[in-house]
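S.K.: Pasting a predicted model and its sequence here:
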There are 2 protein chains.
Amino acid sequence: MSRTSDDQPIWARPEPGGRRPRLTREQIARTALEIADREGFDAVSMRHVAATLNTGAMTLYNYVRTKDELVALMHDELMAQVLVPGELPDSWRGALTLIAHRTHDVMARHPWALNSLQEAQFGPNAMRHFEQTLAALARTGIDTPAKFSVLTLVDDYVRGAVLRASEIRKRKSTADADPAAVQAAIEFGMAQLRTGEFPHTAALLGGDLSSFPEDAPSPAMAEDGLREQFERGLRAVLDGAAAEFGLT
Amino acid sequence: MSRTSDDQPIWARPEPGGRRPRLTREQIARTALEIADREGFDAVSMRHVAATLNTGAMTLYNYVRTKDELVALMHDELMAQVLVPGELPDSWRGALTLIAHRTHDVMARHPWALNSLQEAQFGPNAMRHFEQTLAALARTGIDTPAKFSVLTLVDDYVRGAVLRASEIRKRKSTADADPAAVQAAIEFGMAQLRTGEFPHTAALLGGDLSSFPEDAPSPAMAEDGLREQFERGLRAVLDGAAAEFGLT
DNA sequence: CGTGATTACGTACGTTGTACGTGCCAGGTT
DNA sequence: AACCTGGCACGTACAACGTACGTAATCACG
């Protein structure tokens, strides 16, 4: 019952480097990321990644034990992008805001990430990110569980906001691909509104029913409106956290 | 260029009911939900659902045009469960809290939902839910865009919290399935901690390294701790929203 | 008792992850 | 120089997926 290399996470196992490997784990991860960004996460198949690298599909399994490990590599690469490079701001608020913004930006750049990477294994960069958020709260007087609660609260909001934003973007792009279906969906929505069952929704849309939530929900949802709304929400969440957990 | 039934959303198309259908859309959706709850969302394949209903896979396509439509039916069924049945509490805070709790509970009962249903089409019950959250803010004096921002903010937090909770549960169950890998992952994490690169994380875990975030991250993460943390976070978010948007 | 529409469903195609086995070829050892 | 050895590449094969297509079964109605 000794520790075999089979059980070890990918970061504890050495890369093929011995003989004459044609590839690198980093190279593979980068190609996978490019494919995901260009064609969506579903396009990241072993065959596709391999073909892009001019290689057979099974060759990749020399560098990675399963596809999940490839996904883990992608995840850790993204977490590296989230890391704040230099020193953190002194104030907990500034530090948390900075980290939240970086998280938001990375997830916005890779909209497939939140949905597809959440069962990925924790890697070193994820640990560094966790450490960094803890560091942001280091100088506050609150005790350890409270620290944990605060960063959880903020992270929950950030990820919820990103989730919604990427849903909206996703809807918008699938909508562009099939205008007829969108038109039909809008007509269905309008018919529902006309039943009188939805007075508040009707009031919100204010007669301009072509901006029904199905496709591009109201001006508040335009691309730059999204970021502004995120910042305002983040401010509110930080205020709430400060009050609830006694941060100064 | 007339409106053909091909473009219409599933809720605008009549069910097969004419001749002598063996199945119902609702029946199909319910079976799919049961399978998802019992074996996970990935187990919801057309073949599997059909087999459970003692039917050929292709038969389902008489009731549903694509698998996405099946998923849309599942989504709408869940939204029905989220709806508050009776009257909403008078205070916006009470109403929003109630809705948030129902959302949280439904998503916690069906942990696969958040990840798998987010590209699903908007159905009638989703509209009702949206209407209900607007109604919760009806009696406040704030203007329409502010209402929208508030409910977005709260919903973002709720979904972020649920997302994290189901990630934790998912990790816990995959961990149970492969204790050796967990052990190896913990050892890797401990080795990382010993590098001294993670002082705050080490302090958080306080020497009890067997509760490394990989599997069951600290007592704060136990099943009832999760709910308590959610409620506290929700309180903070509502406070923050009230302050930021001038709710009384 | 046909007849025509409706519902059921088998077959088949192109994908997916990956187990398995074979073959190549660079190093170190004789 | 010849030979082995083991790391690496990768073709084949399998089961499972969504679903297009075609056909068979079955009912309502004339």
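M.R.: On my side now, so go ahead. All of these numbers come straight from a predicted model, not from anything done at the bench.
S.K.: neighbours around the nearest residue to A:Q118 once chain neighbours are set aside, how many?
M.R.: Excluding the flanking residues, the one nearest A:Q118 by C-beta to C-beta, 6 or more residues apart in numbering or on different chains is B:E167, at 5.2 Å. Just so you know, the C-beta spots here come from the backbone N, C-alpha and C atoms, and that holds for glycine as well. Neighbour count for B:E167, taken as other C-beta atoms under 10 Å in any protein chain shown: 16.
S.K.: which stretch of helix or strand covers B:E167?
M.R.: helix B:144-177 (DSSP states H and E).
S.K.: Buried ones in the helix or strand just after that helix, by neighbour count?
M.R.: As assigned by DSSP H and E, the chain's next helix or strand after helix B:144-177 is helix B:179-194. Residues B:A181, B:V182, B:Q183, B:A184, B:A185, B:I186, B:E187, B:F188, B:G189, B:Q192, B:L193 are the ones in helix B:179-194 that count as buried (16 or more other C-beta atoms under 10 Å in any protein chain shown).
S.K.: Mind putting the residues you listed into TSV with distance to chain A and pLDDT?
M.R.: Listed next are the buried residues of helix B:179-194 as TSV, based on distance: C-beta to the nearest C-beta, whole Å; pLDDT from 0 to 100:
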residue	distance to chain A	pLDDT
B:A181	5	85
B:V182	9	87
B:Q183	7	87
B:A184	4	88
B:A185	5	90
B:I186	10	90
B:E187	8	90
B:F188	5	91
B:G189	7	92
B:Q192	6	92
B:L193	8	93
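S.K.: show me the contacts for the closest residue to DNA strand D within chain A.
M.R.: When scored by C-beta to the nearest atom of the strand, chain A has A:G56 as its residue closest to DNA strand D, at 2.5 Å. Neighbour list for A:G56: A:A50 [criterion: C-beta atoms under 8 Å, 6 or more residues apart in numbering or on different chains].
S.K.: can you give me phi and psi for it?
M.R.: phi -80, psi 150 (degrees, to the nearest 10).
S.K.: Model confidence score at it, please.
M.R.: A:G56 carries a pLDDT value of 88.
S.K.: about what we covered before: want to throw the buried residues of helix B:179-194 into TSV with distance to A:D76?
M.R.: Listed next are the buried residues of helix B:179-194 as TSV, based on distance: C-beta to C-beta, whole Å:
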residue	distance to A:D76
B:A181	17
B:V182	18
B:Q183	21
B:A184	17
B:A185	14
B:I186	18
B:E187	18
B:F188	13
B:G189	14
B:Q192	13
B:L193	17
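S.K.: Tell me how many other residues surround A:D155.
M.R.: Neighbours around A:D155, by other C-beta under 10 Å: 21.
S.K.: That one is in contact with A:T133, isn't it?
M.R.: Yes: using C-beta atoms under 8 Å, A:D155 is in contact with A:T133, at 7.4 Å.
S.K.: chain center to stretch A:33-40: distance?
M.R.: A distance of 14 Å separates the centroid of the chain from that of stretch A:33-40, by C-alpha atoms, centre = their mean, to the nearest Å.
S.K.: re the thing from before, now the helix holding B:E167: buried residues?
M.R.: Those would be B:144, B:146-168, B:170-171, B:175, for helix B:144-177 by 16+ other C-beta under 10 Å.
S.K.: Now do the same for it: mean pLDDT, whole number.
M.R.: Averaged over helix B:144-177, pLDDT sits at 90.
S.K.: now check it, is it near DNA strand C?
M.R.: No: Helix B:144-177 lies apart from DNA strand C when judged by C-beta under 7 Å from any atom of the strand; the minimum separation is 13.2 Å.
S.K.: Helices of chain A, residue ranges please.
M.R.: A:25-39, A:46-52, A:67-82, A:92-109, A:113-116, A:124-136, A:144-177, A:179-194, A:199-205, A:223-245 (DSSP state H).
S.K.: remind me which residues of chain A are low pLDDT?
M.R.: Along chain A, segments meeting pLDDT under 70 span A:1-6, A:18-20, A:207-222.
S.K.: Write out the residues of it neighbouring DNA strand D.
M.R.: A:16-23, A:55-59, A:61-63.
S.K.: Which of the residues you listed are buried? Put it as a PyMOL command.
M.R.: In PyMOL syntax, the buried subset of the residues of chain A next to DNA strand D is picked out as below (16+ other C-beta under 10 Å):
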select buried, chain A and resi 23+59+63
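S.K.: What distance do you get for A:T152 to A:S45?
M.R.: To A:S45, A:T152 is 34 Å away according to C-beta to C-beta, to the nearest Å.
S.K.: again, but for A:L73
M.R.: From A:L73 to A:S45 the distance is 15 Å (C-beta to C-beta).
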